[in-house]
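1. A structural model of the following input is requested.
(one chain, ligands or ions: 1)
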Amino acid sequence: MKEITISTKIKVYESAEELPAEYQRLLESARAARNHAYAPYSNFRVGAAVLLENGTILQGANLENAAYSMCICAERTALGNAAMHYPQSVVKAIAVTVKSKRKTIAQPASPCGACRQVISEAEDRQKKDIAIILQGAEGEIYVLDSGKALLPIGFHGGFL
Ligand code: THU
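-> Modelled structure (predicted):
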């Protein structure tokens, strides 16, 4: 028997002002994207913004549906937006932020498992990691070097 320990490095920032300028801009864009969320069922607005290598930022927000399982997350909306408008461009980073009608979320937003899987595949496809920037409605900001840091031992195309 042997044991494997998997560790995750997270940079924790007290406020957006501490972030590198391009991540500040990206997080600001993710916040603005929350205004485009369609979340009448959860009242939980998620905004995402994707930074391309050419400096372009594309937004995404969660889009809900009365048939709940049809809901699309903000992260996937943003990545799809980038893939359609800039199919050749590499995604450098994605920022995610949330806002609930019911309570103040002061801890970093945590992408769901499906979105982690999609971010991981985007990294495989472009052969480059995507930095992840997470904030709630306020409070600390987490920065991770890659989507895979959020999804260790993930399923990937190499198995097929
Ligand atoms: N949601 C996202 O947009 N991203 C995530 O990573 C987690 C959840 C959305 C889906 C749904 O519209 C709402 O948040 C509540 O689950």
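2. tell me the SS of L26?
-> Per DSSP: H, G, I helix; E, B strand; the rest coil, the local secondary structure of L26 is helix.
3. distance of it from A93?
-> Separation of L26 from A93 (Cβ to Cβ, to the nearest Å): 6 Å. Every residue, glycine included, has its C-beta placed from N, CA and C.
4. Near the ligand, which residues of the chain are found?
-> Within the chain, the residues that sit near the ligand (Cβ under 6 Å from any ligand atom) are 39, 42, 44, 46, 62, 64, 71, 73-75, 111-112, 115.
5. Give me the buried subset of those residues.
-> The neighbour count (16 or more other Cβ atoms under 10 Å) marks 39, 44, 46, 62, 64, 73-75, 111, 115 as buried among the residues of the chain next to the ligand.
6. picking up where we left off before, what touches both of L26 and A93?
-> Residues touching both L26 and A93 (Cβ atoms under 8 Å, 6 or more residues apart in numbering) are 51, 133.
7. since we're on L151, how many residues are nearby?
-> Using other Cβ atoms under 10 Å, L151 has 19 other residues around it.
8. still on that earlier bit, if you look at the buried ones among the residues of the chain next to the ligand, which of them are in helices?
-> 74-75, 115 (DSSP state H).
9. Make JSON lines from the residues you listed and add distance to I4 and pLDDT to it.
-> Below are those laid out as JSON lines (distance: Cβ to Cβ, whole Å; pLDDT from 0 to 100):
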{"residue": "A74", "distance to I4": "32", "pLDDT": "98"}
{"residue": "E75", "distance to I4": "28", "pLDDT": "98"}
{"residue": "C115", "distance to I4": "25", "pLDDT": "98"}
